[in-house]
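A.B. asks: Need a 3D model of the sequence below.
(one chain, ligands or ions: 1)
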Amino acid sequence: MSIDGYLSAGTATRLLLSNEADFDRVDAERAASDAILVGAVTIRRDDPRLLVRSRERRVARVARGLSPSPVKVTVTREADLDCAAAFFAADDADKLVYCPSDAVPRVRGRLGAVATVVDAGRPLTLRRVSEDLGARGVRRLMVEGGGSVHTQMLTEDLADELQLVVAPFFVGDSSACRFVGDGRYPWNPDRRATLVETRQIGDVVLLRYALSSRFREGA
Ligand SMILES: NC(=O)c1ccc[n+]([C@@H]2O[C@H](COP(=O)([O-])OP(=O)(O)OC[C@H]3O[C@@H](n4cnc5c(N)ncnc54)[C@H](OP(=O)(O)O)[C@@H]3O)[C@@H](O)[C@H]2O)c1
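C.D. replies: The predicted structure follows:
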């Protein structure tokens, strides 16, 4: 995020917050994950590929009996997703799209050919999505935004670790997307989160917080 807590610019242009060294660190986190979740707005706005970029890391995953990249996961109500988006490309990652029960026919009609569409009940909660992913063998889920998904993961107390990278500039536009929105967070002045690491990576800083008893150093 920016110094003032934004994930994006207020404009349609994609905002690059990290530097190359941090993108490489994120790539290592992806390679260590079983699945990566992003919200549907992130797919519409940023069109991310969500693949492990490093050839060595892909090879190492395959040697461990895994697919070269983690499973890609998204959530949607509207199903306003383009099956030509990079998320749905014919690559080596499985794709899961979770939607509320009443949206299943619409989402299957639109995306059924390029992804597995999962009925997540009504309403869809990220707790239910996390439980279903667990049942599919996902032990480590990486959540890469945007703000709506972050807010739900954190307010529902589902995250074990928060990795927050602060880029050295301001956005200064309240129409842009914040790191999180309003909500009741488990961490407050009376229950402070545990800061486990600060690391300077070039001109950005990484803050790592342990948010649950499931947090494991270096996991
Ligand atoms: N800097 C970064 O690292 C970073 C990373 C990721 C994203 N971003 C930025 O974050 C912004 C997007 O964030 P955002 O908060 O607007 O959106 P988001 O979290 O990416 O996606 C929100 C969308 O996900 C679906 N969704 C979320 N919760 C749901 C639920 N409980 N049930 C059903 N569907 C659900 C809905 O999709 P439908 O609308 O399809 O129903 C909702 O509109 C973009 O500007 C992007 O550039 C930045």
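
A.B. asks: switch to C-alpha atoms for all contacts and neighbour counts from now on
C.D. replies: Will do.

A.B. asks: The longest helix along the chain: which residues count as buried?
C.D. replies: Longest helix in the chain, counting residues (DSSP state H): helix 20-31. Using 16 or more other CA atoms under 10 Å as the test for burial, helix 20-31 gives 22, 26, 27, 30, 31.

A.B. asks: Low-confidence bits of the protein, can you list those?
C.D. replies: 218-219 (pLDDT under 70).

A.B. asks: For the chain, which segments count as strands?
C.D. replies: 35-39, 71-75, 95-99, 116-119, 141-143, 161-166, 194-201, 204-210 (DSSP state E).

A.B. asks: Parallel or antiparallel, list what pairs with the first one.
C.D. replies: In other words, strand 35-39. strand 71-75 (parallel), strand 141-143 (parallel) (DSSP bridges).

A.B. asks: okay if I get the ones you listed as TSV plus distance to the ligand?
C.D. replies: Shown next, in TSV, are the strands paired with strand 35-39 (distance: least, CA to the nearest ligand atom, whole Å):
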stretch	distance to the ligand
strand 71-75	5
strand 141-143	9
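
A.B. asks: of all those, which lies closest to residue 120?
C.D. replies: The closest of the strands paired with strand 35-39 to residue 120 is strand 71-75. By CA to CA, the value is 9.1 Å.

A.B. asks: For the closest one, buried residues please.
C.D. replies: 71, 72, 73, 74, 75.

A.B. asks: Between those, which sits nearest residue 86?
C.D. replies: Distances from residue 86 to these, taken by CA to CA, are shortest for residue 72, at 10.8 Å.

A.B. asks: For the closest one, which residues are in contact?
C.D. replies: Counting by CA atoms under 8 Å, 6 or more residues apart in numbering, residue 72 touches 35, 36, 37, 50, 87, 93, 94, 95, 96.

A.B. asks: The last one and residue 76 touch, don't they?
C.D. replies: Right, the one you point to is residue 96. No. Here residue 96 does not reach residue 76: they are 10.9 Å apart, not a contact under CA atoms under 8 Å.

A.B. asks: Just want to know which of those two has more residues nearby.
C.D. replies: For the pair residue 96 and residue 76, the greater number of neighbours falls to residue 96 (21 against 18), based on other CA atoms under 10 Å.

A.B. asks: residues in contact with the more buried one?
C.D. replies: So residue 96 contacts 71, 72, 73, 74, 115, 116, 117, 118 (CA under 8 Å, 6+ apart).

A.B. asks: One more pass at 10 Å, please.
C.D. replies: Contact analysis of residue 96 by CA atoms under 10 Å, 6 or more residues apart in numbering lists 35, 37, 71-75, 88, 112, 114-118, 133.

A.B. asks: how near is residue 166 to the ligand?
C.D. replies: Relative to the ligand, residue 166 is positioned 10 Å away (CA to the nearest ligand atom, to the nearest Å).

A.B. asks: Can you tell me which of the contacts of residue 72 is nearest the ligand?
C.D. replies: Closest approach to the ligand among these (CA to the nearest ligand atom): residue 37, at 9.4 Å.

A.B. asks: near the ligand, which residues of the protein?
C.D. replies: 1, 7-8, 38-42, 45-46, 75-80, 99, 124-125, 144-149, 177 (CA under 6 Å from any ligand atom).

A.B. asks: Appreciated, that's everything.
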